[in-house]
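[1] Just need the structure, nothing else, for what follows:
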Amino acid sequence: MSDKLTFDLTDDVRSKLVKSDFRFFLDKNIAENKYSPTNIESIYYGKLQEDKIIDSDIKNNKKQQLIFMEGQVAKMVRGGMLPCHFNMNETREYRITDFEEYGKNWSIFEAWKKAERRKVIGKRIWNTTVKVGAILAILLSVIKVLEIVGVKI
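    Just a heads-up that it's a prediction; the model follows:
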């Protein structure tokens, strides 16, 4: 049995997902498919119910809830739901069939995206800090070499 997790999301996919707005694409899908008001309400009802569950679970055990959401988002990507939703998969068109479950997926995605955005921002800050530090180290090294050689600055 392999120890490698099979639900790894690549950095490229993560960055695209973090930039994507689920609601924008949902509104486009609703406009194109003209779902009934009852079905649309089911989407929002599912989202609200799942929001409450996620908030409660994050308060109880944040780390495990984030791992759970990571797995759920990976399943949505591998299963084709998110690529179709965000029009990243041009070979498929989709129509929502389970409206309440779609709202729950929306809620899970938004909670994951919020946590993932923090990671992305942290990585950007760290990379910038490392680059600035490298530049400062080079400048200080050049200055020290010039001092040793005897050049007045």
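
[2] What is the neighbour count of residue 77?
    19 (other CB atoms under 10 Å). From N, CA and C alone the C-beta is placed, and that goes for glycine too.

[3] And for residue 112?
    Residue 112, neighbours per other CB under 10 Å, totals 25.

[4] Quickly find the element holding it.
    helix 99-149 (DSSP states H and E).

[5] Need the residues that contact stretch 115-122.
    Contacts with stretch 115-122, where a contact means CB atoms under 8 Å, 6 or more residues apart in numbering, come from 14-15, 17-18, 66, 69.

[6] Next step: those restricted to helices.
    14-15, 17-18, 66, 69 (DSSP state H).

[7] Are any of those residues buried, and if so which?
    Among these, the ones that count as buried by 16 or more other CB atoms under 10 Å are 14, 17-18, 66, 69.

[8] Next, format those as a markdown table and append pLDDT.
    Below are those laid out as a markdown table (pLDDT from 0 to 100):
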| residue | pLDDT |
| --- | --- |
| 14 | 86 |
| 17 | 90 |
| 18 | 91 |
| 66 | 92 |
| 69 | 94 |
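
[9] what stretches of this structure score poorly on pLDDT?
    Within the chain, the stretches with pLDDT under 70 are 1-8, 91-92, 153.

[10] Apply 50 and report the result again.
    Residue ranges of the chain with pLDDT under 50: 1-6.

[11] can I assume residue 74 is in contact with residue 9?
    Yes. Using CB atoms under 8 Å, residue 74 makes contact with residue 9 at a distance of 5.6 Å.

[12] if we can go back for a sec, now do the helix holding residue 112: distance to the chain's middle.
    Relative to the centre of its chain, helix 99-149 is centred 15 Å away, using CA atoms, centre = their mean, to the nearest Å.

[13] Check stretch 140-153 too.
    For stretch 140-153, the distance to the chain centre is 47 Å (CA atoms, centre = their mean).

[14] Please renumber the chain so that the first residue is 11 from this point on.
    All set: I'll call the first residue 11, so the last point we hit is now stretch 150-163.

[15] Need the buried ones among the ones in helices among the contacts of stretch 125-132 in JSON lines (columns: distance to residue 57).
    Shown next, in JSON lines, are those (distance: CB to CB, whole Å):
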{"residue": "24", "distance to residue 57": "22"}
{"residue": "27", "distance to residue 57": "17"}
{"residue": "28", "distance to residue 57": "19"}
{"residue": "76", "distance to residue 57": "19"}
{"residue": "79", "distance to residue 57": "14"}
